[in-house]
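A.B. asks: Below: sequence and its predicted model.
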Amino acid sequence: MKIGYGFYAHMLNDREFAFARQAGATHAVVHLVDYTHGGDQDSEGKKNNQPVGNQQGWGRAGVDPEVWEVDSLRRLKRRLTDAGLELFAIENFDPADWYDVLLGGPRRADQIERLKRIIRNVGRAGIPVFGYNFSIAGVASRQSGAFARGGAESVGMNGVDERPIPNGMVWNMVYDAEAAPGELSPASEAELWDRVEVFLQELLPVAEEAGVILAAHPDDPPVERVRRQPRLVWRPDRYDRLLDLFPSKSNGLEFCLGTLAEMPGHDLLETLKHFLERDALAYVHFRNVRGTAPSYVETFIDDGDIDMLAVMRLLKAYDYQGVLIPDHTPQMTCDAPWHAGMAYALGYMHALNTCVEAES
């Protein structure tokens with residue numbers, strides 16, 4: 001198993017690369033979308049906080065389309081390689097590039113061609129995985145507070161956000177600031193599944209040819225509807241449904257332990273075992289929570305409902321050789337809250353990995 005680090009767009013610099021390597025990471029999962037650009041958290045010192053959003057979303061989409069070009073991807077990969085890190089995955093499309101794919105709108109065909117080009121570029125740059133979250137509302141209904149041990153700042157959920165999404169916004173980001181006033185019409189669950197079927201039918205052959213795995217993230221929070229829009233993967237069986245639509249080595253899972261643990265009514269270890277047996281895990285978000293939707297909080301890695309040692313043992317038993325990243329973590333009370341929390345998580349992950357290796 002490989003320990004990785006997730007870099008948000010504002011973290012793509014030599015100082016952050018050095019921190020990750022010093023903390024023991026060997027692989028990188030990169031977000032190229034600057035989620036909070038032009039929003040309430042678009043300032044130094046605020047971007048590291050997990051965004052919770054408001055009625056108008058996190059920020060503005062489509063800021064820098066050049067980051068998806070093959071030369072730009074190759075430069076980023078070289079910089080990470082020079083820092084001792086292997087670029088393993090890109091996480092999330094820019095909402096500006098696929099809003100009508102998510103909405104089933106008039107520009108869907110053109111946007112699918114854009115996504116195909118992005119996946120081809122990712123493959124040409126030698127990046128093996130592309131994570132995505134097929135969601136209209138995105139990560140919504142969260143709140144921040146002193147929810148973690150010792151009063152550390154974290155995020156959680158206490159009820160579903162039922163406010164409608166304004167026109168011109170999808171996945172918490174504004175893709176059209178000039179959109180007509182009004183609200184996004186609610187979609188049905190069947191319509192959302194029809195849309196993801198079109199997406200996979202078009203993208204998977206391209207991904208297979210490019211040598212890229214498309215890795216689906218479950219919906220966070222995992223509830224049936226958020227902001228009046230349906231969710232795709234809000235129960236473990238929906239992951240099976242997604243895999244069964246088009247069985248392919250390029251149809252994989254971005255397996256988020258925290259989000260899966262937020263889903264009530266299942267045994268997380270049995271769920272993990274099931275998808276390990278399906279050989280479906282592209283990479284793992286290795287984080288912990290307490291409670292289930294619609295009422296949960298994110299915790300330090302050693303302080304939630306998930307037995308992380310049992311998870312690591314199960315991954316080892318199935319000879320999982322992929323990447324684990326902390327994804328995000330509570331922030332610690334010090335001069336570098338985000339980095340202290342991430343260093344703690346990475347250290348704990350290394351200790352768990354050492355334990356299971358010693359047991360084998």
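C.D. replies: Yes, it's here.
A.B. asks: residue boundaries of the strands in the stretch 201-350 of the chain?
C.D. replies: 213-216, 225-226, 229-230, 251-256, 281-285, 288-292, 295-299, 323-325 (DSSP state E, counting those that start in this stretch).
A.B. asks: on contacts alone, who are the packing partners of the second one?
C.D. replies: Strand 225-226 makes packing contacts with no helix or strand when contacts are defined by 3 or more C-beta pairs under 8 Å, 6 or more residues apart in numbering; DSSP states H and E. Using the backbone N, CA and C atoms, a C-beta is placed for each residue, glycine as well.
A.B. asks: same deal with the third one?
C.D. replies: For strand 229-230, the packing partners by 3+ C-beta pairs under 8 Å, 6+ apart come out as helix 189-210.
A.B. asks: Then the fifth one?
C.D. replies: Taking 3+ C-beta pairs under 8 Å, 6+ apart as the contact definition, the neighbouring helices and strands of strand 281-285 are strand 86-91, strand 129-132, strand 213-216, strand 251-256, helix 257-262, strand 323-325.
A.B. asks: same check, this time on the last one
C.D. replies: Under the contact definition 3+ C-beta pairs under 8 Å, 6+ apart, strand 323-325 sits against strand 2-7, strand 27-30, strand 281-285.
A.B. asks: make it 10 Å
C.D. replies: strand 2-7, strand 27-30, strand 86-91, strand 281-285, helix 308-317, helix 337-359 (3 or more C-beta pairs under 10 Å, 6 or more residues apart in numbering; DSSP states H and E).
A.B. asks: Could you save the ones you listed as a markdown table and add columns showing distance to residue 16, mean neighbour count and mean pLDDT?
C.D. replies: Output for these, formatted as a markdown table (distance: least, C-beta to C-beta, whole Å; neighbours: other C-beta atoms under 10 Å; pLDDT from 0 to 100):
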| stretch | distance to residue 16 | mean neighbour count | mean pLDDT |
| --- | --- | --- | --- |
| strand 2-7 | 6 | 23 | 97 |
| strand 27-30 | 10 | 24 | 98 |
| strand 86-91 | 14 | 24 | 98 |
| strand 281-285 | 19 | 24 | 98 |
| helix 308-317 | 25 | 18 | 98 |
| helix 337-359 | 9 | 17 | 96 |
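A.B. asks: So which of the strands of the stretch 201-350 of the chain is nearest residue 27?
C.D. replies: Taking C-beta to C-beta, strand 323-325 is the member of the strands of the stretch 201-350 of the chain nearest to residue 27, at 4.8 Å.
A.B. asks: partners of the closest one in the sheet?
C.D. replies: strand 2-7 (parallel), strand 281-285 (parallel) (DSSP bridges).
A.B. asks: so can I have CSV of these showing distance to residue 107?
C.D. replies: As requested, the strands paired with strand 323-325 are arranged in CSV below (distance: least, C-beta to C-beta, whole Å):
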stretch, distance to residue 107
strand 2-7, 30
strand 281-285, 28
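A.B. asks: Looking at these, which is nearest to residue 261?
C.D. replies: Closest to residue 261 of the strands paired with strand 323-325 is strand 281-285 (C-beta to C-beta; 10.7 Å).
A.B. asks: Compute the inter-axis angle for the closest one and helix 308-317.
C.D. replies: If you take axes from the mean of the first three to the mean of the last three C-alpha atoms, to 10 degrees, strand 281-285 sits at 160 degrees to helix 308-317.
A.B. asks: rewinding a little: could the helices and strands packed on strand 323-325 be laid out in a markdown table, adding distance to residue 102?
C.D. replies: Below are the helices and strands packed on strand 323-325 laid out as a markdown table (distance: least, C-beta to C-beta, whole Å):
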| stretch | distance to residue 102 |
| --- | --- |
| strand 2-7 | 23 |
| strand 27-30 | 22 |
| strand 86-91 | 16 |
| strand 281-285 | 21 |
| helix 308-317 | 31 |
| helix 337-359 | 29 |
